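Trainee: Here you go, sequence then predicted model.
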Amino acid sequence: MTDRFEARFDRLILLVGRLNYMWTNTESLLIHLIAGLTGTSKDVAVIIFLTLNTTRARIDLVERLAKMEGRPARVRDPILEHTQRLAKLSGIRNKYNHCIYSFDPESGNPKTILMRIADRKTDIKLGREDTVDDNALLQIEAVVDQLSAANRDIWKLIRQLGFPV
């Protein structure tokens, strides 16, 4: 029984590692979009990217640059499509990065405990717990696959638009 639990946990940790790798690799493509949209070099775009310390801030910047007056729809629309795609995928990544892990004493399944405070009107709620079952593992795998596809699609767009690589 313990071997099965360890195997499930090992699978979870490997998947979260892949998820983090794919996320970081794909989010870094925003650097090329920043460079192209601002007309700067990739080095300047790296400084801008690293100065913004959240994914949401980086996506917001790229979206705002894409929406600037005079930006052709052929540039704006595909960029917005990709940033919205990334924003949707960020939810799963955030869930597994901003938690601690424990084991359900009954089933042995890994559990996530969200490391966030939810402010309510008159109280707070801490540490929402979710069991990591087979469906959750399949969901992580699906997001990794979607990130891989998004990565290829964003690279294609960067090349099509002639943005700095």
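Mentor: Sure, I can see it.
Trainee: could you check the distance from residue 140 over to residue 11?
Mentor: To residue 11, residue 140 is 9 Å away according to Cβ to Cβ, to the nearest Å. Where you see a C-beta, it was placed from the backbone N, CA and C, and this is true even at glycine.
Trainee: So those two - more neighbours on which side?
Mentor: Shown here are residue 140 and residue 11; by other Cβ atoms under 10 Å, residue 140 has more neighbours (21 against 16).
Trainee: Just give me the longest helix of the chain.
Mentor: Counting residues, the longest helix found in the chain (DSSP state H) is helix 134-161.
Trainee: Would you pull up how far that one lies from the middle of the chain?
Mentor: 10 Å (Cα atoms, centre = their mean, to the nearest Å).
Trainee: counting contacts, what elements does it pack onto?
Mentor: Here helix 134-161 touches helix 2-27, helix 30-38, helix 73-97, going by 3 or more Cβ pairs under 8 Å, 6 or more residues apart in numbering; DSSP states H and E.
Trainee: looking at those, which is closest to residue 162?
Mentor: helix 30-38 (7.4 Å; Cβ to Cβ).
Trainee: and the angle from the closest one to helix 134-161?
Mentor: Here helix 30-38 runs at an angle of 40 degrees relative to helix 134-161 (axes from the mean of the first three to the mean of the last three Cα atoms, to 10 degrees).
Trainee: for helix 30-38, packing partners?
Mentor: In this structure, helix 30-38 packs against helix 42-51, helix 55-66, helix 73-97, helix 134-161, with contacts taken as 3+ Cβ pairs under 8 Å, 6+ apart.
Trainee: Just give me the neighbour total for residue 50.
Mentor: Residues near residue 50, counting by other Cβ under 10 Å, number 10.
Trainee: separation between it and residue 31?
Mentor: Distance of residue 50 to residue 31, given as Cβ to Cβ: 9 Å.
Trainee: what's the answer for residue 85, then?
Mentor: According to Cβ to Cβ, residue 85 and residue 31 sit 17 Å apart.
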